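Colleague: No sequence on hand, only this structure:
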Ligand code: F6P
């Protein structure tokens, strides 16, 4: 389908005027005075997630123009094409159907979708694989002699399950320790193996392609360790989660759970890549995660644009990046279990939308993905919030808080929530001290996402919300959010340099690389 890039729409010029004539000087404090119902106007409930957008630098007129932008860019048609299984990932000629992994077993493929070959064709296999994977998870949970599960994977084959296992630790009922090894730095694998025994360890080799250097290096070392320690029956102690079942078999692994090329690595938590989580929280919990994400899919698919939370967030992202020029967004989960969420969202946003050309390969005349970064609150307050309050750059902050505590320690949760509210309040209201060291300029924007409780379902919805918002901004920017060519060059160069490190050969290298290589080679 022909898409219109944001800067090619008629409303783009109106947005520019809107920004110049008031948008850039919008004062949040004045906006709340002018509109007593601003909180109601700029907040909404989506499945499992309440969102307060009222502390963002937008007003009704800007929002209306941004919604026009979504319409003129054809975001709805683009979204519908995704759900219809079209080959959205044009540079790899692939569909983008991770949403299919979240459909509950009882839900039929919607008639409009069933008409599309890809979606209808894949559904039976999706459900079959999911059942096999969850049955295996239950089997592992019942094996009391398995005390340690080591997931070996990187990027999307690590960040999602790791983030989710930590987030849902309260729901972990298997009692098995789940470890994540991603770095090719042997320290990581060696550190984990030092506490494991082959007879009580299950290795999950998680790799979409089953070719990623870091993962394959760690997998080979794990296998060598297993055998050297007297381990036998690889079939019982190794399983592979991959689209490349043949390569897993060639590696010597017979227990495999597949997925499909239409599941991007950073969108693969919902597939067999979620197995460590399913082992931790069980098949019922895993299905709840999927159901929460599915509820958000349905919201995104059906809610009118003005009440469509992923759309509103994606539009805001474009407003901030392309008009205000904000080049980063800070993620502040006021929830210790969500401590790996910033890292997870970094891959989601920056690998998806960190592109400098549009889907047709034309160089973009505007900026795309912001830098995402963050730490859980309140820790971040004692590190970099100084800069957020009084630094020279404005960084929109995304607070994520959970209403109900998962622990019963008195006072802690109230303090945690009070701090989240206080920071958002301080960023917006500031404090007048006539420009001195104690002066807080305020008017610094933030979004506040609130979950009733951190459960598998609410986590699923929160993640699906973030996926769809990244899709929306990518769609407006006219880019392909589903490829990642930018990671390839480094992989090729590393192979070359690895060989040179064995010989010291610096022929043809730039001066700096040659100098460093010689320094390392000579020891
Ligand atoms: O190098 C980037 C990347 O391809 C990510 O997109 C992916 O999540 C990660 O590597 C791991 O890839 P794989 O699951 O194929 O090992």
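Modeller: Nice, I can see it. Just so it is clear, the structure is predicted and the values come from calculations on it, not from any experiment. Numbering: from 1, shown residues only.
Colleague: switch to C-alpha atoms for all contacts and neighbour counts from now on
Modeller: OK.
Colleague: Pretty sure residue 202 sits in a strand.
Modeller: Yes: according to DSSP: H, G, I helix; E, B strand; the rest coil, residue 202 belongs to a strand.
Colleague: tell me the contacts of it?
Modeller: Going by CA atoms under 8 Å, 6 or more residues apart in numbering, residue 202 touches 146, 148, 149, 150, 236, 237, 238, 239.
Colleague: ok, now residue 186?
Modeller: Neighbour list for residue 186: residue 218 [criterion: CA under 8 Å, 6+ apart].
Colleague: Kindly provide the distance from residue 402 to the ligand.
Modeller: Using CA to the nearest ligand atom, to the nearest Å, residue 402 is found at 28 Å from the ligand.
Colleague: Let the chain start at 38 from now.
Modeller: Yep, numbering from 38; the last one is residue 439 now.
Colleague: For that residue, which non-adjacent residue is closest in space?
Modeller: Nearest non-adjacent residue to residue 439, counting by CA to CA, 6 or more residues apart in numbering: residue 488, 4.7 Å away.
Colleague: And the pLDDT for the one you found?
Modeller: Note on residue 488: pLDDT of 98.
Colleague: buried ones in stretch 545-559?
Modeller: Applying a neighbour-count criterion of 16 or more other CA atoms under 10 Å, one finds 551, 554, 555 buried in stretch 545-559.
Colleague: sorry, that was for stretch 174-188
Modeller: Those would be 174, 175, 177, 178, 183, 184, 185, 186, 187, 188, for stretch 174-188 by 16+ other CA under 10 Å.
Colleague: hmm, that stretch in reach of the ligand?
Modeller: No: using CA under 6 Å from any ligand atom, stretch 174-188 stays clear of the ligand, with a minimum separation of 11.9 Å.
Colleague: Check stretch 290-306 too.
Modeller: Yes: applying CA under 6 Å from any ligand atom, one finds that stretch 290-306 is in contact with the ligand at 302, 303.
Colleague: for that stretch, the distance to its chain's centre please.
Modeller: Chain-centre distance of stretch 290-306: 16 Å, with CA atoms, centre = their mean, to the nearest Å.
Colleague: same question for that stretch, mean pLDDT?
Modeller: Mean predicted lDDT for stretch 290-306 stands at 97.
Colleague: measure it end to end?
Modeller: 21 Å (CA to CA, to the nearest Å).
Colleague: repeat for stretch 439-451
Modeller: Span of stretch 439-451 from end to end, CA to CA: 11 Å.
Colleague: Give me the residues contacting it.
Modeller: Under CA under 8 Å, 6+ apart, the answer for stretch 439-451 is 207, 371, 372, 454, 487, 488, 489, 490, 491.
Colleague: okay, the residues you listed in JSON lines with secondary structure next?
Modeller: Listed next are the contacts of stretch 439-451 as JSON lines, based on three-state DSSP:
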{"residue": "207", "secondary structure": "helix"}
{"residue": "371", "secondary structure": "strand"}
{"residue": "372", "secondary structure": "coil"}
{"residue": "454", "secondary structure": "helix"}
{"residue": "487", "secondary structure": "strand"}
{"residue": "488", "secondary structure": "strand"}
{"residue": "489", "secondary structure": "coil"}
{"residue": "490", "secondary structure": "coil"}
{"residue": "491", "secondary structure": "coil"}
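Colleague: In ChimeraX, how would I select just the buried ones from these?
Modeller: Selecting only the buried entries of the contacts of stretch 439-451 in ChimeraX, with 16+ other CA under 10 Å as the criterion:
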select :371,372,454,487,488,490,491
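Colleague: Mind putting the contacts of stretch 439-451 into TSV with distance to the ligand?
Modeller: Converted to TSV, the contacts of stretch 439-451 look like this (distance: CA to the nearest ligand atom, whole Å):
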residue	distance to the ligand
207	26
371	26
372	25
454	33
487	28
488	27
489	30
490	29
491	25
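Colleague: that older thread, who does the residue nearest to residue 439 form a beta bridge with?
Modeller: Beta bridges link residue 488 to residue 86, residue 439 when assigned by DSSP bridges.
Colleague: and it, what does it touch?
Modeller: 85, 86, 87, 437, 438, 439, 440, 495.
Colleague: okay but residue 216 is in contact with residue 195, surely?
Modeller: No: assessed by CA atoms under 8 Å, residue 216 is found out of contact with residue 195, at 10.3 Å.
Colleague: excluding its backbone neighbours, what's nearest residue 386?
Modeller: residue 507 (6.0 Å).
Colleague: Likewise for residue 337?
Modeller: Residue 337 sits nearest to residue 345 (CA to CA, 6+ apart), 6.1 Å away.
Colleague: ok, that neighbour to residue 519 distance?
Modeller: 22 Å.
Colleague: which of the two has more neighbours?
Modeller: Taking other CA atoms under 10 Å, residue 345 and residue 519 do not tie; residue 519 has more neighbours (26 against 19).
Colleague: which phi and psi does that one have?
Modeller: Note on residue 519: backbone dihedrals following degrees, to the nearest 10 are phi -120, psi 10.
Colleague: From the contacts of residue 488, pick the one nearest the ligand.
Modeller: Using CA to the nearest ligand atom, residue 495 comes nearest to the ligand of the contacts of residue 488, at 23.3 Å.
Colleague: so the closest one sits right up against residue 86, yeah?
Modeller: Yes: using CA under 8 Å, residue 495 is in contact with residue 86, at 7.1 Å.
Colleague: got a list of what the residue in the stretch 338-487 of the chain that the ligand sits nearest to touches?
Modeller: As assessed by CA to the nearest ligand atom, the ligand sits closest to residue 388 within the stretch 338-487 of the chain, at 7.2 Å. Neighbour list for residue 388: 518, 520, 521 [criterion: CA under 8 Å, 6+ apart].
Colleague: The ligand: which of the residues you listed is nearest?
Modeller: Closest to the ligand, out of all of these and judged by CA to the nearest ligand atom, is residue 521, at 6.2 Å.
Colleague: which residues are in contact with stretch 507-520?
Modeller: In contact with stretch 507-520 (CA under 8 Å, 6+ apart) are residues 40-43, 106-107, 110, 112, 115, 125-129, 133, 301, 347-348, 351-352, 354-355, 385-386, 388-390, 392, 394-396, 405.
Colleague: May I see the PyMOL selection of the buried members of those?
Modeller: Remark: buried members of the contacts of stretch 507-520, expressed as a PyMOL selection using 16+ other CA under 10 Å:
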select buried, resi 40+41+42+43+106+107+110+112+115+125+126+127+133+301+347+348+351+352+354+355+385+386+388+389+390+392+394+395+396+405
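Colleague: Show me the contacts of stretch 507-520 that map onto helices.
Modeller: 106-107, 110, 112, 115, 347-348, 351-352, 354-355, 389-390 (DSSP state H).
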